[in-house]
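Visitor: fold the following.
(one chain, ligands or ions: 1)
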Amino acid sequence: MLPAEVLEQVKKDLPVWNGLGYSAMEISHRSAEFSALLDQIESDLRSLMRIPDDYSVLLVQGGATLQFSLLPMNLLHGRETADYLTTGSWSSKAFKEARKANSNVHEAATGAQHNFMSLPERDEWQLSPEAVFLHYVHNETIAGLMFPSIPDVDVPVISDLSSCILSLDMDVSRMGAFYAGVQKNMGPAGLAVLVMAPELLERCRDNLPDMLSYRAYARNRSILNTPPTFTCYVLGLVLRWVSERGGVKVMHRNTVAKSDLLYGLIDQSELYANPIQKSARSITNIAFTLADPALDEKFLQQAERRSLVSLKGHRSVGGMRASLYNGMPMEGVQALHDFMLEFERDWQKGR
Ligand code: PMP
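Guide: Numbers count the residues shown, from 1 in each chain. Modelled structure (predicted):
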């Protein structure tokens, strides 16, 4: 969900952006205006996330999926290895894809035996002494499972922040790299942000085709071919929107308040349940099931009548999922909360 104010601005700018006489969709990516936009995106992202000056900030097409495919390709040479934590769908996919790039990557811990409802205990992780990096997904979007802190290990940590970037205030200097598809919390689909510490960038392979090479992106300020200019433009607006509202600390506080409202209701309820280990609950993706799955369809239909949409859980897990990205205002969450209460009361009456 994009912030309503951003969509309003897009509407105004659609035919003519920035007094240029044409739209952001039509702009040349070689123009001075587009170059200024890229500068603004980079500097806003750096200041919002307190990204260390010597880290590279890259914009890459192909979404987060391409990033978890490129990371092992770029960073691992020959038989080198890396540790992976598999804690749900996306980290499992990342591990599977990494294996195709380098069959030597190592699953250091998994939550599979608990059906990915809890995080593997830290003292059960089997870290490999030779690992070049540790990859994990900070927030598993589908199940709504989030690490309470950045894993503390001796090698550079690479975080997938796709569904928590700009909603969680994090010390990114503790990461060797992080990435996120922009389409959840930062703009429309079409780009991922990849941020990397200099010591990791330096060890990246330099003999890959340019479009697959982080070093080539860094050398060319991310412009190796035609970028999705419209996505860049909306990304620029969203970053400004976050800055104007007080930055990531404020977004984090609001996200906690929104998630508390829903978890508070779920935990009091006889109808709704959240299956995730409490200390690892996501604050951006709140999954819940209904006591009787036969009620799911009725719940979704009634919700939709109140314009409460996109609540159906991912097909792999079922149930419901409320995503509380920054564009979702508290009033929207309150409306969902009130509807859930009412639906439960009706259910109680009918029992
Ligand atoms: N990682 C996470 C945590 C995600 O939530 C998603 C998308 N839902 C992806 C990776 C894949 O992102 P993309 O569609 O941008 O490739």
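Visitor: how about the residues of the chain by the ligand?
Guide: Near the ligand, the residues belonging to the chain are 63-65, 90, 137, 141, 160, 162-163, 181 when assessed by Cβ under 6 Å from any ligand atom. All C-beta atoms are positioned from the backbone trio N, CA, C, and that covers glycine.
Visitor: now the buried members of these.
Guide: Buried members of the residues of the chain next to the ligand, scored by 16 or more other Cβ atoms under 10 Å, are 63-64, 90, 137, 141, 160, 162-163, 181.
Visitor: mind putting these into a markdown table with secondary structure and pLDDT?
Guide: Below are these laid out as a markdown table (DSSP: H, G, I helix; E, B strand; the rest coil; pLDDT from 0 to 100):
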| residue | secondary structure | pLDDT |
| --- | --- | --- |
| 63 | helix | 97 |
| 64 | helix | 98 |
| 90 | helix | 98 |
| 137 | strand | 98 |
| 141 | coil | 97 |
| 160 | strand | 98 |
| 162 | coil | 98 |
| 163 | coil | 98 |
| 181 | strand | 98 |
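Visitor: contact partners for residue 236?
Guide: Contacts for residue 236 (Cβ atoms under 8 Å, 6 or more residues apart in numbering) come out as 37, 40-41, 44.
Visitor: recalculate using a threshold of 7 Å.
Guide: Residue 236 makes contact with 37, 40-41, according to Cβ atoms under 7 Å, 6 or more residues apart in numbering.
Visitor: same check, this time on residue 179
Guide: Residue 179 makes contact with 64, 67, 160-161, 192-194 under the criterion Cβ under 7 Å, 6+ apart.
Visitor: now the spatially most central residue of the chain. Its backbone dihedrals?
Guide: In the chain, the C-alpha nearest the mean C-alpha coordinate belongs to residue 162, at 1.6 Å (Cα atoms, centre = their mean). Backbone torsions for residue 162, taken as degrees, to the nearest 10, come to phi -50, psi -40.
Visitor: help me confirm that it comes into contact with residue 185.
Guide: No. Contact between residue 162 and residue 185 fails when scored by Cβ atoms under 7 Å: they sit 8.4 Å apart.
Visitor: could the buried ones among the residues of the chain next to the ligand go into CSV alongside distance to residue 33?
Guide: Output for those, formatted as CSV (distance: Cβ to Cβ, whole Å):
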residue, distance to residue 33
63, 26
64, 28
90, 36
137, 36
141, 34
160, 32
162, 29
163, 31
181, 25
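Visitor: which one of those residues sits closest to residue 18?
Guide: Nearest to residue 18 among those is residue 181, at 26.0 Å by Cβ to Cβ.
Visitor: bridging residues for that closest one?
Guide: Beta-bridge partners recorded for residue 181 (DSSP bridges): residue 192.
Visitor: how close does it get to residue 24?
Guide: Spatial separation of residue 181 from residue 24 under the definition Cβ to Cβ, to the nearest Å is 20 Å.
Visitor: try residue 209
Guide: Residue 209 sits 29 Å away from residue 24, going by Cβ to Cβ.
Visitor: now do the contacts for the residue nearest to residue 154 when sequence neighbours are not counted.
Guide: Closest residue in space to residue 154, ignoring its immediate chain neighbours: residue 127 at 8.0 Å, by Cβ to Cβ, 6 or more residues apart in numbering. Neighbouring residues of residue 127 by Cβ under 7 Å, 6+ apart: 83, 108, 153.
Visitor: pretty sure residue 92 contacts residue 85?
Guide: No. Using Cβ under 7 Å, residue 92 is not in contact with residue 85; the gap is 10.1 Å.
Visitor: between those two, tell me which one has more neighbours.
Guide: residue 85 (25 against 19; other Cβ atoms under 10 Å).
Visitor: and the more buried one, how far is that from the ligand?
Guide: Separation of residue 85 from the ligand (Cβ to the nearest ligand atom, to the nearest Å): 13 Å.
Visitor: can I assume that residue sits in a strand?
Guide: Yes. Counting by DSSP: H, G, I helix; E, B strand; the rest coil, residue 85 is part of a strand.
Visitor: what helix or strand is the closest residue to it other than its chain neighbours on?
Guide: Spatially, and ignoring its direct neighbours in sequence, residue 85 is nearest to residue 136 (4.1 Å; Cβ to Cβ, 6+ apart). Per DSSP states H and E: residue 136 is located in strand 134-137.
Visitor: tell me the helix or strand right after that strand.
Guide: Next in sequence after strand 134-137, counting helices and strands by DSSP H and E, comes strand 139-140.
Visitor: quick check: next helix or strand after that next one?
Guide: Next along from strand 139-140, by DSSP H and E: strand 145-146.
Visitor: what pLDDT, on average, does that following strand get?
Guide: Taken as a whole, strand 145-146 has an average pLDDT of 98.
Visitor: circling back to that earlier point, could you dump the contacts of residue 236 to CSV with pLDDT and neighbour count?
Guide: Converted to CSV, these look like this (pLDDT from 0 to 100; neighbours: other Cβ atoms under 10 Å):
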residue, pLDDT, neighbour count
37, 97, 21
40, 98, 15
41, 98, 25
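Visitor: what is the nearest of the residues you listed to residue 17?
Guide: Nearest to residue 17 among those: residue 37, at 9.5 Å, using Cβ to Cβ.
Visitor: what sits against whichever residue of the stretch 1-150 of the chain sits closest to the ligand?
Guide: Proximity of the stretch 1-150 of the chain to the ligand (Cβ to the nearest ligand atom) peaks at residue 63, 2.5 Å away. Under the criterion of Cβ under 7 Å, 6+ apart, the neighbours of residue 63 are 181, 192.
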